[in-house]
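Participant: 3D, please:
(2 chains)
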Number of protein chains: 2
Amino acid sequence: MSKFWSPIVHQLTPYVPGEQPKINNLIKLNTNENPYGPSSRVITAVEIETGNSLRLYPDPQSQRLTDAIARYHQLKPEQVFVGNGSDEVLAHTFQALFQHNKPLLFPDITYSFYPVYCKLYGITAETIPLNEKLEIDINDYGRTNGGIIFPNPNAPTGHGIGKDAIETLLKSNRDSVVVIDEAYIDFGGTSAVALIDQYPNLLVIQTLSKSRSLAGLRVGFAMGNAELIAGLVRVKDSFNSYPLDSIAISGGCAAIEDKAHFEYTRRRIIASRNQLATQLEALGFNAIPSQANFLFVTHPQYDAADLAAQLRQRNIIVRFFNKPRIDQYLRITIGTDAECATLVNALQAIING
Amino acid sequence: MSKFWSPIVHQLTPYVPGEQPKINNLIKLNTNENPYGPSSRVITAVEIETGNSLRLYPDPQSQRLTDAIARYHQLKPEQVFVGNGSDEVLAHTFQALFQHNKPLLFPDITYSFYPVYCKLYGITAETIPLNEKLEIDINDYGRTNGGIIFPNPNAPTGHGIGKDAIETLLKSNRDSVVVIDEAYIDFGGTSAVALIDQYPNLLVIQTLSKSRSLAGLRVGFAMGNAELIAGLVRVKDSFNSYPLDSIAISGGCAAIEDKAHFEYTRRRIIASRNQLATQLEALGFNAIPSQANFLFVTHPQYDAADLAAQLRQRNIIVRFFNKPRIDQYLRITIGTDAECATLVNALQAIING
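Facilitator: You can find the predicted model right below:
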């Protein structure tokens, strides 16, 4: 606390990211990173860019990357906004599109950065409880709002909803912006991007951190009607002209363009996830059907916090949220098959132990 | 304009950075980039990092980089805050430390992003005119304020003020934060960093974009009392957990640690600047004494906008600000000696008709 802080600083409750411990031989299944490295084309692009021009400012519009994303998603470049990770894109979205005199709606169990942004920008939030199966039910969102946001698939549950359900929501909610946070969409969900041309209030946010294995490069993007994108650009250009460094722009382009690597790695992760779910269910766990690169599991006989602590003693870290409704669940990132096997063996030993 | 925008978006006047044209053989003296490349140790560090771990999230605290900066400036790590370029550091500073019920003071002629941040965060500003020699006079800042900010040396004038003057200001202004924006300090100014331990309301902001030739990597930082830094961290952790990618963290460390390259290139730029000033004065220009990597010059007989346009026809771009008091000035970045010679020849040809 300090008298020099702006009053708002005292009221903030900062987001706490999953830990990044420096422990050798750790099996790190706590922050939904991709177990496979990025495309070799990214490495080549970064090397070329490094030799090029680091003394010069990057392109403030990141036009090459915006164009590459537009081509990939069959959109116009003016329907794409890029930022320093999808967290920055989300922050600008909250400030640019959600500061209205009506409450923002999002699920009670979801990405825990959303309420943090609300405090930062003075946005009133109304949380909508997931149903008893921990699923988003679109019918619960038919109330007065200044915006709606949820991830699809949702985090930390992994549960996804279909494009039809999102279109139903968009049809009945035309006066505020609906943001679909698709950080995990490439692991089995159906993107809402195809609805952008029909619904001017739809914004879809994606990231290169998960399905493109580039959490370390910090590239996220939003797609939507050109007017929504223009609002984000106005905020971005009032905050930081150059959010992406030259290397992130070049590496990001290469990642988007290497479809073969993307397809190969995401399919491996989907296969590993399905196998892991079966193995965990054989150990007595219940796993929420997941469309993400993680599983959200609970065991009727074993306490989740205790399981997490015991896994940690065996150098395996998973994510435990000490929060109402989900404090008997573990969120487990899908690692390599070898990592998944080590996890299953460890859980077997703990349970039989 | 869009009904979906938050009301504040309509009121913004985004910053317009200097243009980054894609023209071959351009002599680009418009955005104060360093004409010499970064340290070769940066290139090596980036290459190593790229092979490492781009699939993993970066360290959210950028601890290695924070520690390297602290060592360099003989501070404690908790007195250092790093961000995605000094523009992001400035944005967080405005939100975290300047949102008070009193006006923020800054010069009428200064970095034109300051009023942009004020609109973004609803901060009332009071601009203090530079004196008739276009210099900051500390005595003009003795009035009620919720904060004070100016660059030292000032941009776009290049005029610097001494550490004693800053200490005088700090002694008489103890109830609000004083931010010294030292983007250009390494080209001849005296840093206020040495005053940090005595004045808990002093924040000093620097960047790797200029004297470390890393505009393309986006690394800036703030130094001050641990309480001020804690306020910035609270805002940062409510905005984006991972503002610096892994490559920027590694490259930034290498840049800070290579003192020999830093000293060699900054001395070359200072020598080139002094020579260019003499040559321009010989052509009839008046140059404000500069402590930065640019000169701010005016010619009593030739219109500045016209000179800029004529230089552009010769593939040389310099910065012209169409603003009151400075619309007869050109801001010229110090390039290599060859670039400076080409500029002088071009101006000589234009003037001699």
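
Participant: Can you give me the buried ones in the lowest-mean-pLDDT helix or strand in chain A?
Facilitator: Least confident helix or strand of chain A, by mean pLDDT, DSSP states H and E, is helix A:40-52 with a mean of 90. For helix A:40-52, a neighbour-count test (16 or more other CB atoms under 10 Å in any protein chain shown) marks A:41-43, A:45-47, A:49-50 as buried. For every residue, glycine as well, the C-beta is placed using N, CA and C.

Participant: got TSV for those, with distance to residue B:143 too?
Facilitator: Listed next are these as TSV, based on distance: CB to CB, whole Å:
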residue	distance to residue B:143
A:41	57
A:42	53
A:43	55
A:45	52
A:46	50
A:47	53
A:49	48
A:50	48
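
Participant: Next, give me the two most distant ones among these.
Facilitator: A:41 and A:50 (14.9 Å; CB to CB).

Participant: Tell me how many other residues crowd the residue of the stretch 51-200 of chain A found nearest chain B.
Facilitator: Across the stretch 51-200 of chain A, the shortest distance to chain B (CB to the nearest CB) belongs to residue A:99, at 3.5 Å. If you count neighbours by other CB atoms under 10 Å in any protein chain shown, residue A:99 ends up with 20.

Participant: if we can go back for a sec, relative to residue A:330, which of the buried residues of helix A:40-52 is nearest.
Facilitator: Distance to residue A:330, by CB to CB, is smallest for residue A:42 among those, at 31.2 Å.

Participant: quick one: that closest one and chain B, what's the gap?
Facilitator: 7 Å (CB to the nearest CB, to the nearest Å).

Participant: List the contacts of that residue.
Facilitator: Applying CB atoms under 8 Å, 6 or more residues apart in numbering or on different chains, we find residue A:42 in contact with A:214, A:217, A:251, A:254-255, A:258, B:54.

Participant: ditto for residue A:150
Facilitator: Per CB under 8 Å, 6+ apart, neighbours of residue A:150: A:106-107, A:110, A:136, A:179-181.

Participant: what do you get for residue A:78?
Facilitator: Residue A:78 neighbours (CB under 8 Å, 6+ apart): A:226, A:229-230.

Participant: again with residue A:38
Facilitator: Each residue near residue A:38 by CB under 8 Å, 6+ apart is listed here: A:212-214, A:217, A:251, A:255, A:261, B:54-55.

Participant: Mind giving me the packing neighbours of the longest helix along chain A?
Facilitator: When chain A is parsed with DSSP state H, its longest helix is helix A:259-282. Under the contact definition 3 or more CB pairs under 8 Å, 6 or more residues apart in numbering or on different chains; DSSP states H and E, helix A:259-282 sits against strand A:286-287, strand A:294-298, helix A:337-352.

Participant: got the contact list for the last one?
Facilitator: This means helix A:337-352. A:27, A:29, A:35, A:272, A:275-276, A:279-280, A:283-284, A:299, A:302, A:307, A:310-311, A:314, A:316, A:318, A:332, A:334-335.

Participant: 6 Å - rerun?
Facilitator: Where contact means CB atoms under 6 Å, 6 or more residues apart in numbering or on different chains, the residues beyond helix A:337-352 that reach it are A:27, A:272, A:276, A:279, A:283, A:310-311, A:314, A:316.

Participant: Equivalent analysis for stretch A:44-54, please.
Facilitator: Here stretch A:44-54 has contacts from A:246-247, A:250-251, A:254, B:38, B:43, B:46, B:50, B:214, B:216-217, using CB under 6 Å, 6+ apart.

Participant: Let me have the residues you listed in TSV, extended by secondary structure and distance to residue B:162.
Facilitator: TSV is the format used below for the contacts of stretch A:44-54 (DSSP: H, G, I helix; E, B strand; the rest coil; distance: CB to CB, whole Å):
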residue	secondary structure	distance to residue B:162
A:246	helix	36
A:247	helix	38
A:250	helix	42
A:251	helix	43
A:254	helix	48
B:38	coil	30
B:43	helix	36
B:46	helix	37
B:50	helix	43
B:214	coil	28
B:216	coil	32
B:217	coil	31
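
Participant: Pick out the lowest-pLDDT one from these.
Facilitator: In terms of pLDDT, the lowest of these is residue B:50, showing 89.

Participant: distance of that residue from residue A:65?
Facilitator: Using CB to CB, to the nearest Å, residue B:50 is found at 17 Å from residue A:65.

Participant: Name the residues of stretch A:65-77 that come out as buried.
Facilitator: Buried residues in stretch A:65-77, defined by neighbour count with 16+ other CB under 10 Å: A:65-70, A:73, A:75, A:77.

Participant: which of those residues lies closest to residue A:162?
Facilitator: Of all the buried residues of stretch A:65-77, residue A:73 has the smallest distance to residue A:162: 18.7 Å, by CB to CB.

Participant: For the nearest residue to that closest one once chain neighbours are set aside, give me the pLDDT.
Facilitator: Leaving aside its sequence neighbours, residue A:73 sits nearest to residue A:193 (CB to CB, 6 or more residues apart in numbering or on different chains; 5.2 Å). What the model reports for residue A:193 is a pLDDT of 98.

Participant: Run through the helices of chain A in chain order.
Facilitator: A:7-11, A:40-52, A:63-73, A:85-97, A:114-121, A:163-172, A:226-236, A:246-257, A:259-282, A:304-313, A:337-352.

Participant: Out of these, flag the one nearest residue B:119.
Facilitator: helix A:226-236 (10.3 Å).

Participant: residues in the stretch 151-300 of chain A within reach of chain B, list them.
Facilitator: Residues of the stretch 151-300 of chain A found near chain B (CB under 6 Å from any CB of the partner chain) are A:177, A:201, A:213-218, A:227, A:231, A:234, A:237-242, A:245-248.

Participant: Next, the contact list for the closest residue to chain B within the stretch 101-250 of chain A, please.
Facilitator: The nearest approach of the stretch 101-250 of chain A to chain B comes at residue A:237, 3.4 Å away (CB to the nearest CB). Contact partners of residue A:237, counting by CB under 6 Å, 6+ apart, are B:14-15.

Participant: Look up how far residue B:349 lies from it.
Facilitator: 37 Å.

Participant: can you check residue A:256 too?
Facilitator: Applying CB to CB to residue A:256 and residue B:349 gives a distance of 46 Å.

Participant: again with residue A:88
Facilitator: Counting by CB to CB, the gap from residue A:88 to residue B:349 is 47 Å.

Participant: And the two? Which one has more around it.
Facilitator: residue A:88 (26 against 11).

Participant: For the nearest residue to that one once chain neighbours are set aside, grab the count of nearby residues.
Facilitator: The shortest distance from residue A:88 to any non-neighbouring residue, by CB to CB, 6+ apart, is to residue B:240 (4.7 Å). Residues contacting residue B:240 under the criterion other CB under 10 Å number 28.

Participant: and what of residue A:144?
Facilitator: The local packing of residue A:144 (other CB under 10 Å) involves 10 other residues.
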